[in-house]
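Participant: Next come a sequence and a model predicted from it.
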Amino acid sequence: MANILIVDDSRTSRKMLRSMLEEAGHVVVGEGVNGEDGYQKFKEVNPDLVTLDITMPVLDGLEALQMIKQYNGAAKVIMITAAGQKEKMIQAIKCGAAEFIVKPYDTEEVKLTIQKVLAF
Amino acid sequence: MISSIVGNYLLEKGLITYEQFNDLSAEQRKVCVKLGLIAVAEGLMGHDEAARVNNLQAVMDKPFGDIAVEKKYLTRGQVESLLKKQGNAYLSFAQAMENLQLMTIEQLELYMLDFQRENQLTNSDIEDLKSDDAGRILPLYMPIDSEKYLDLAGTALRTIMRCVDSEVYPGKAYITQSCGAENGAIQYVEGNPCVTCGMAGRGQDLLQTASIFGKEDFEQVDEDALDAVGELLNCINGLYARSQSQKGISMDLYPPEFSTEIGKVAGEEMLVLPLHIKGDTVNFIMAIGNKIEIKQEA
């Protein structure tokens, strides 16, 4: 069980992910609605893991990832992305993202990816 | 898809009632079994493996058989044998008509000739329709022969079939500079060429799409429901971007925009593909190489 922060501008996406994470026994300690909000919430709740959507307004996922990693280099961040965002995935890896989950969500993939990152 | 197209034609002509049309859909689901179910029943795949392939279809935009072969759950020969067992969608539609004693296949064929004449279709077009293959059916409804528009529309149609309504079917698409709507969502995708696509409707047309995709019972097409429509667009565009990246074209998705108070969606040029989803008509709007925008005034 882990304390997880969800950062995504889509309410639908946050709700789907929250439901999967809670079903897997995790606790969703906060939700951010864009990169800036996500960064602020990260500092407030100090989660075990963050899921960060790449495509967001205000600050996108890559910018938020850099700020989070600068604040806490050990932060575990999983990027959430639509298919077809290969270049952004590569950039995110370079910036310290631990893993990726591709939308639409596959419950099994979400559970396994989170387990893998938490165990690392 | 063929059953929805022909079934709705028969319904419009008053040859079957709405209740019979619904019974027909249910009967056809019994007659036409999904490939994964046949594979499990034949002992070729486990239930978990079939479920995994079904989930992967949503992010890979490929047929069940292709993914099962890629994952080494099935051989190509096994897929071909399963497809034969699954049978042809048009024939299973005809079988469902006979089972419900609505009409014989001979009578159906006569009505198909009327359908062909009224829609000015060739014999080859009818064969494409009967194939029930979205890739072969879609060109019959498109106003231009453009590979890019066909790719995008095909990705949208297949994604909606998988995630919203397996019986979705297209209407005649058209090119315009303005599409009237009351609510909807659009998403811009940067690339060369850039793409904007959207889903727009009137009143509660988008309600079923939003509720099914968002797994939530929305009461009306409000901002939350349109957020779900935006997420559906995000999945469609992501899959399209992936197919383009395999051709060396890099694309970058922007966050979807949505509004409950649209007057129209307008731009230099757009292709509007009406999609019949769960009894409602939703306009799937595409612009390749130019931008379209939501305008408040009609």
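Facilitator: That came in fine, so what should we check first?
Participant: By mean pLDDT, which helix or strand of the chain comes out lowest?
Facilitator: Let's take chain A. Taking mean pLDDT, DSSP states H and E as the measure, chain A has helix A:86-94 as its least confident helix or strand, at a mean of 89.
Participant: I was thinking of chain B, sorry if that wasn't clear
Facilitator: helix B:35-41 (a mean of 80).
Participant: is any part of the very next helix or strand once past that helix close to chain A?
Facilitator: As assigned by DSSP states H and E, the chain's next helix or strand after helix B:35-41 is helix B:47-60. Yes: using C-beta under 8 Å from any C-beta of the partner chain, helix B:47-60 reaches chain A at B:52, B:55-56, B:58-60. C-beta: built from backbone N, CA, C; applies to glycine.
Participant: now the helices: where do they sit in chain A?
Facilitator: For chain A, helices defined by DSSP state H occupy the ranges A:11-23, A:35-45, A:61-71, A:86-94, A:107-119.
Participant: Most neighbours out of the residues of helix B:47-60 next to chain A, which is it?
Facilitator: Among the residues of helix B:47-60 next to chain A, residue B:59 has the most neighbours (other C-beta atoms under 10 Å in any protein chain shown), with 22 neighbours.
Participant: tell me the centre residue of chain B?
Facilitator: residue B:157 (2.8 Å; C-alpha atoms, centre = their mean).
Participant: Same question for chain A.
Facilitator: Nearest to chain A centroid, counting by C-alpha atoms, centre = their mean: residue A:51, 1.1 Å.
Participant: Residues of the stretch 1-150 of chain B that sit close to chain A?
Facilitator: So the stretch 1-150 of chain B meets chain A at B:52, B:55-56, B:58-61 (C-beta under 8 Å from any C-beta).
Participant: Include distance to residue B:251 and pLDDT when you put these into CSV, please.
Facilitator: Shown next, in CSV, are the residues of the stretch 1-150 of chain B next to chain A (distance: C-beta to C-beta, whole Å; pLDDT from 0 to 100):
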residue, distance to residue B:251, pLDDT
B:52, 28, 86
B:55, 24, 81
B:56, 22, 83
B:58, 19, 75
B:59, 16, 76
B:60, 17, 77
B:61, 15, 78
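Participant: which of the residues you listed lies closest to residue A:72?
Facilitator: residue B:59 (30.3 Å; C-beta to C-beta).
Participant: Would you confirm that that closest one contacts residue A:102?
Facilitator: Yes: in this structure, residue B:59 is within contact of residue A:102 by C-beta atoms under 8 Å, at 5.0 Å.
Participant: okay, and the common contacts of the two?
Facilitator: residue A:83 (C-beta atoms under 8 Å, 6 or more residues apart in numbering or on different chains).
Participant: how does chain B divide into domains?
Facilitator: B:2-136, B:139-295 (automatic domain parsing).
Participant: hey, least reliable of those by pLDDT?
Facilitator: Note on the domains of chain B: lowest mean pLDDT is at domain B:2-136, with a mean of 86.
Participant: Which strands border the helix or strand residue B:269 falls within, and is each parallel or antiparallel?
Facilitator: For residue B:269, the host element (DSSP H and E) is strand B:264-277. Sheet pairing of strand B:264-277 (DSSP bridges) gives strand B:169-170 (antiparallel), strand B:174-180 (antiparallel), strand B:280-288 (antiparallel), strand B:292-295 (antiparallel).
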